[in-house]
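Asks: Give me coordinates for this.
(chains A and B)
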There are 2 protein chains.
Amino acid sequence: MTEFSIISRYFQSLTTQDISVGIGDDCAVFSPPENQQLVSCIDTLVAGRHFLPDAPAHAIGWKSVAVNLSDLAAMGATPHSVLLALSLPTLNEDWLAEFSRGIADCCQQYGVQLIGGDTTQNPTLTISITALGWVAPHQAILRSGAQVGDFIAVTGQIGSAAYALRYPDSALQNTLDYPIPQVEFGLALRGYASSMLDVSDGLAQDLGHILHASQVGARIQFEQIPMADEIKTLALDTQKALVLAGGDDYQLCFTISAENLNKFTQKFDFKPYIIGQIESGSVCHFFNQQQAFTLKQSGYQHFATTSH
Amino acid sequence: MTEFSIISRYFQSLTTQDISVGIGDDCAVFSPPENQQLVSCIDTLVAGRHFLPDAPAHAIGWKSVAVNLSDLAAMGATPHSVLLALSLPTLNEDWLAEFSRGIADCCQQYGVQLIGGDTTQNPTLTISITALGWVAPHQAILRSGAQVGDFIAVTGQIGSAAYALRYPDSALQNTLDYPIPQVEFGLALRGYASSMLDVSDGLAQDLGHILHASQVGARIQFEQIPMADEIKTLALDTQKALVLAGGDDYQLCFTISAENLNKFTQKFDFKPYIIGQIESGSVCHFFNQQQAFTLKQSGYQHFATTSH
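Replies: As a prediction, the model looks like this:
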């Protein structure tokens, strides 16, 4: 089977509405909606790093799309389409069928189309996806808007995927295999949140990006962070490691003024979990039940083995 | 060095004009020009497959961008920006500095910006790039528009990169390491060419995509295909293998009516090389000096080792 038959057999049917040119030409072509800005990102998943080598192919397909939609959600953008670069060690048609079904299921769930693809051979299974979406001018929620006094909030439980990675086959396995991008929650936060990102590399490290971009500090109340019951039964140090430095959460972390929080909760059913507050300075202070503590590791290091 | 310092040190400065949000947030954000369609593609380069593992990092950076701009050129699109997904085995700062300089040089040459990136660790150096560009509605040049009687043309010499791969350190080495995307030529062909693609996997195989999409056949005059003098000195069978099935050319192959060819050559300085003609049917017939011949292999098979 050639690259061309892979694409036409497994992926061509995933291009549908409003696309002038989809899979099967050199590029995809479509018209932007009026008065919208293009929002784009690229994210790579590598076997053995971002998913276990024996993870179900359907889950790998789902997750590849989901983590990119999570980046769009973190801007408050409406997802539109994805492009897939698939690098495979060998051709396994059963695997490809399941993988493409996972891609299709996640695309369908969020009204997104696969508009382009490229397949290559690679000793290590590697999946890069570009996601494209739209946001009205000046509506994108950046990392740089946090203000002193803003509340810090997350959209759901943190640490579950890290727990599932450490304790295989637990009831939390799905949070690792099938992350749910917070697309609707992110859209609702436009005009309310002052800054936002998605939690992919560990809450403490990712929050650090907001603090750095906004030139502010923060105070986090660990006991206010929502977490699964499974995690609450663990030793406190393990809780902290999983929740603050675990990664793969794909919840949104955002800042919001007291006034906007009030308006937001009156207007929407979404329930943000307040976990702390923005302070002046540049440091993040962690407290558990009034007691200050420091973190040994703040999150996932993509190149932790290097000496630099 | 973390992922974040890699991006900020080597790539952040490559975002410049007209971008609302560039590298450093979850996504890039910018406004489309009025009345233009978005053109997008994704292409992956894998060490040992798309470039030699010891190829100069600067050349790898250049080529990664160039092959994607070539896909935009094949639509007659104006390139705008690229997103980079870089998967590296180890952090080598000298390599990264040269690689990012290669990316920057190619971006600058074609007025393109790097607007987003992702770096991950991977045993095999793998580079995926998404290129974004613009084309006026109904102006994109597809694979499906070839008409019986149209001339078949290419924009430059074919087979040089395949020669360079087979005979290292020849005078043609640069055609392999530093492909030149035919952006201006592609733009000029809007409104003239009836179908187009870029030659990346071998002329015969790529032309086959036009024939398949347009539901036509073709007749190719091998002796009319422009090729380097180095190739002309080789045995005829080797010439055919390099020129028709070599790949990595990144010239454009297009079809054009006699009337449009006449108008085009009167208006532009670009010189297309006519190599054959579209016929009815579905087969490509090859001739050399009136003598029919058949091809053993038509182009690069991405999964040639499989039994399927």
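Asks: A:Val39 sits in which helix or strand?
Replies: strand A:37-46 (DSSP states H and E).
Asks: helix or strand right after that strand?
Replies: helix A:57-73.
Asks: can you list the weak-confidence ranges in the stretch 51-200 of chain A?
Replies: Within the stretch 51-200 of chain A, not a single segment meets pLDDT under 70.
Asks: what does it put close to chain B?
Replies: A:71-72, A:74-75, A:77, A:83-85, A:87-88, A:90-91, A:93, A:115-124, A:126, A:128, A:130-133, A:135, A:137, A:140, A:142-144, A:197-198 (Cβ under 8 Å from any Cβ of the partner chain). To be clear about C-beta, it is placed using only N, CA and C from the backbone, and glycine gets the same treatment.
Asks: sorry, back to before: just the CA coordinates for the strand holding A:Val39, please, in CSV.
Replies: Provided in CSV are the C-alpha atoms of strand A:37-46 (Å, rounded to 0.1, in the frame of the first residue of the first chain):
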residue,chain,number,x,y,z
GLN,A,37,-8.9,35.9,12.8
LEU,A,38,-7.2,32.7,12.0
VAL,A,39,-5.9,30.7,15.1
SER,A,40,-3.3,28.0,14.4
CYS,A,41,-1.1,25.7,16.4
ILE,A,42,1.0,22.5,15.9
ASP,A,43,1.6,19.7,18.4
THR,A,44,3.4,16.4,18.2
LEU,A,45,2.8,13.1,19.9
VAL,A,46,5.7,10.6,20.1
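Asks: secondary structure element for the residue of the stretch 151-300 of chain A found nearest chain B?
Replies: Per Cβ to the nearest Cβ, A:Leu197 is where the stretch 151-300 of chain A lies closest to chain B, at 5.5 Å. Here A:Leu197 sits within strand A:193-198, counting by DSSP H and E.
Asks: Kindly report the same for A:Asp201.
Replies: Counting by DSSP H and E, A:Asp201 is part of no helix or strand.
Asks: residues near it, how many?
Replies: 24 (other Cβ atoms under 10 Å in any protein chain shown).
Asks: Domain ranges for chain A, per the record?
Replies: Domains of chain A are assigned by automatic domain parsing as A:3-135, A:151-293.
Asks: just those: most buried one?
Replies: Among the domains of chain A, the stretch with the highest mean neighbour count (mean count of other Cβ atoms under 10 Å in any protein chain shown) is domain A:3-135, at a mean of 22.
Asks: now that domain, how far from the chain's geometric center?
Replies: Here the centre of domain A:3-135 is set off from its chain's centre by 15 Å, with Cα atoms, centre = their mean, to the nearest Å.
Asks: now do stretch A:151-160
Replies: Using Cα atoms, centre = their mean, the offset of stretch A:151-160 from its chain centre is 13 Å.
Asks: Likewise for stretch A:241-248?
Replies: Taking mean C-alpha positions (Cα atoms, centre = their mean), stretch A:241-248 and its chain are 14 Å apart.
Asks: who's in contact with it?
Replies: A:158-159, A:161-163, A:165-166, A:176, A:179, A:199-205, A:222, A:225, A:227, A:231, A:234, A:286, A:295-300 (Cβ atoms under 8 Å, 6 or more residues apart in numbering or on different chains).
Asks: Now do it, average pLDDT.
Replies: In this model, stretch A:241-248 carries a mean pLDDT of 96.
Asks: And for stretch A:20-30?
Replies: pLDDT averaged over stretch A:20-30 gives 89.
Asks: So for it, first residue to last residue, what's the gap.
Replies: Stretch A:20-30 has its terminal residues 5 Å apart, counting by Cα to Cα, to the nearest Å.
Asks: does chain B sit close to it?
Replies: Yes - contact of stretch A:20-30 with chain B (Cβ under 8 Å from any Cβ) involves A:20-21, A:24-30.
Asks: Please dump the residues you listed into a markdown table; it should also carry secondary structure for every row.
Replies: Formatted as a markdown table, the residues of stretch A:20-30 next to chain B follow (DSSP: H, G, I helix; E, B strand; the rest coil):
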| residue | secondary structure |
| --- | --- |
| A:Ser20 | coil |
| A:Val21 | strand |
| A:Gly24 | coil |
| A:Asp25 | strand |
| A:Asp26 | coil |
| A:Cys27 | coil |
| A:Ala28 | strand |
| A:Val29 | strand |
| A:Phe30 | strand |
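Asks: Kindly indicate which of those residues lies nearest B:Pro53.
Replies: Closest approach between these and B:Pro53, by Cβ to Cβ: A:Asp26, at 27.5 Å.
Asks: And the closest one, its phi and psi?
Replies: For A:Asp26, the backbone dihedrals are phi -70, psi -30 (criterion: degrees, to the nearest 10).
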